[in-house]
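J.: Provided below are the primary sequence and the corresponding predicted coordinates.
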Amino acid sequence: MNDQEVISVIKKEKVCSIIRGVEEEKIDKVAQALIKGGIKVVEVTYNTNGASNMITYLSENYSKNFLIGAGTVLDTETAKMAIDAGAKFVLAPTLNVEVVKLCLRYNVLPVPGVATATEALTAWGNGARMIKVFPAGVLGANYIKQLKGPLSQLSIMAVGAINKDNIREMFDAGAISVGVGSEIVDKNSIMNDDFENIIEKAKSIKNQIK
């Protein structure tokens, strides 16, 4: 898949479920719960132990169910690990131009994190066609709307403190997707093996954007 095809899937599905802090042995049950909840785009963050192994596992066993990405990718070494593991897109909370360039070299979509118009334009100028506005829940939906004014060419994923109360306004402001963490995959549910709760939370988030 090229970057535009990946963006198209992300735009169509609208929600990327963030898998963070999940124990490696529970990734299969998490994946099955997300499928039942209607999630089709996921990212495994690199501040999670065994992230590469989980991306590989998902790529080998669930590539027909999910578009699989890597999150919290802060440097080129981690980006290469994620790509080798099978990630189709690479996200970060920050803008690292070298990470953007490496992803493009390997035909993988970079989604750098930005918090200013200068960072957004720098990301675009270096080839990133999708950016992650972070932390969107703190900056607010109006920030996305204002950013899209002069930079209408940007595809924006809103990430950071996204929940059922603000998710709709992110789309209304111009985001094409949202990244959702503990509002879907939360540590308490994982700890208690309450995967039904993950299913219901996923369905709830999906219903917010219908």
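T.: Structure received.
J.: And the pLDDT for Asn2?
T.: Asn2 is assigned a pLDDT of 89 by the prediction.
J.: And for Gly125?
T.: Turning to Gly125, the model gives it a pLDDT of 97.
J.: hey, which helix is longest across the protein?
T.: The helix of greatest length in the chain, counted in residues with DSSP state H as the criterion, is given as helix 195-208.
J.: so who does Cys16 touch?
T.: Neighbouring residues of Cys16 by Cβ atoms under 8 Å, 6 or more residues apart in numbering: 10, 41-43, 69, 157, 159, 177-180. C-beta: built from backbone N, CA, C; applies to glycine.
J.: residues near the nearest residue to Asn53 once chain neighbours are set aside, how many?
T.: Excluding the flanking residues, the one nearest Asn53 by Cβ to Cβ, 6 or more residues apart in numbering is Glu24, at 5.9 Å. With neighbours defined by other Cβ atoms under 10 Å, the count for Glu24 comes to 13.
J.: From what I see, Glu24 and Ile55 are in contact.
T.: No: contact between Glu24 and Ile55 fails when scored by Cβ atoms under 8 Å: they sit 11.0 Å apart.
J.: beta partners of Gly69?
T.: Beta-bridge partners recorded for Gly69 (DSSP bridges): Glu43, Phe89.
J.: Would you mind putting the contacts of Cys16 into JSON lines with pLDDT, secondary structure and distance to Gly86 alongside?
T.: Rendered in JSON lines, the data for these read as follows (pLDDT from 0 to 100; DSSP: H, G, I helix; E, B strand; the rest coil; distance: Cβ to Cβ, whole Å):
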{"residue": "Ile10", "pLDDT": "98", "secondary structure": "helix", "distance to Gly86": "17"}
{"residue": "Val41", "pLDDT": "98", "secondary structure": "strand", "distance to Gly86": "14"}
{"residue": "Val42", "pLDDT": "98", "secondary structure": "strand", "distance to Gly86": "12"}
{"residue": "Glu43", "pLDDT": "98", "secondary structure": "strand", "distance to Gly86": "12"}
{"residue": "Gly69", "pLDDT": "98", "secondary structure": "strand", "distance to Gly86": "10"}
{"residue": "Met157", "pLDDT": "98", "secondary structure": "strand", "distance to Gly86": "20"}
{"residue": "Val159", "pLDDT": "98", "secondary structure": "strand", "distance to Gly86": "21"}
{"residue": "Ser177", "pLDDT": "98", "secondary structure": "strand", "distance to Gly86": "20"}
{"residue": "Val178", "pLDDT": "98", "secondary structure": "strand", "distance to Gly86": "23"}
{"residue": "Gly179", "pLDDT": "98", "secondary structure": "strand", "distance to Gly86": "19"}
{"residue": "Val180", "pLDDT": "98", "secondary structure": "strand", "distance to Gly86": "22"}
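J.: between those, which is closest to Ser63?
T.: Ranking the contacts of Cys16 by separation from Ser63, with Cβ to Cβ as the measure, puts Val42 on top at 11.3 Å.
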